[in-house]
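Peer 1: structure here, sequence nowhere to be found:
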């Protein structure tokens, strides 16, 4: 008869299947849980932290490039959209410094066309910057949790998907 393995901490313990034993007339699988060496524990913790940091960086990039909200509309924030927005803001600043008019129609992710003057496009760029900063701050907080020597890594992994700025 097969039995489920006992609960154990795979970061700090090894689980080994041992020879079956007879219990109450039935053969059952036996298991042995042994403590890992301090070096093996440190190596496992280092590997897990590296994996969690890679997941954190990927989640940050997804949040940064997943869009943000401005004036009630979703706005794209993929790399091409960021470049376009920065170019438009630079042009708006140049026009403002020259006391020249500036106007553009910005197409939002929901296909809404937003007419923006120089201050409007700079406000859109500021919203993009605030979105990026919020993503950075969330990433830094997760990084600190990952690096905490007393971290509950299952809780950290669960935290990875939440708390990012809305898209």
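Peer 2: Right, received. Where do you want to start? The structure displayed is predicted, hence computed values, not measured ones.

Peer 1: can you name the element that comes right after the top helix by length along the chain?
Peer 2: The longest helix of the chain (DSSP state H) is helix 118-147. For helix 118-147, the following helix or strand on the C-terminal side (DSSP states H and E) is helix 153-159.

Peer 1: so what touches that following helix?
Peer 2: Residues outside helix 153-159 that contact it (Cβ atoms under 8 Å, 6 or more residues apart in numbering) are 11, 48, 52, 55, 142, 145, 146. Using the backbone N, CA and C atoms, a C-beta is placed for each residue, glycine as well.

Peer 1: buried stuff in that helix?
Peer 2: 153, 156, 159 (16 or more other Cβ atoms under 10 Å).

Peer 1: measure the first one to residue 146 for me?
Peer 2: Between residue 153 and residue 146 the distance, using Cβ to Cβ, to the nearest Å, works out to 8 Å.

Peer 1: same check, this time on the last one
Peer 2: Note on residue 159: its distance to residue 146, by Cβ to Cβ, is 10 Å.

Peer 1: now the buried residues of helix 153-159 in a markdown table, with pLDDT and distance to residue 76?
Peer 2: Below are these laid out as a markdown table (pLDDT from 0 to 100; distance: Cβ to Cβ, whole Å):
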| residue | pLDDT | distance to residue 76 |
| --- | --- | --- |
| 153 | 81 | 34 |
| 156 | 84 | 30 |
| 159 | 84 | 26 |
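
Peer 1: quickly list what's touching both of residue 153 and residue 146.
Peer 2: Shared contacts of residue 153 and residue 146, counting by Cβ under 8 Å, 6+ apart, come down to residue 52.

Peer 1: look up the closest residue to the spatially most central residue of the chain, ignoring the ones flanking it.
Peer 2: The C-alpha lying nearest the average C-alpha coordinate of the chain belongs to residue 59 (Cα atoms, centre = their mean; 2.4 Å). In space, and not counting its chain neighbours, residue 59 is closest to residue 160: 5.6 Å by Cβ to Cβ, 6 or more residues apart in numbering.
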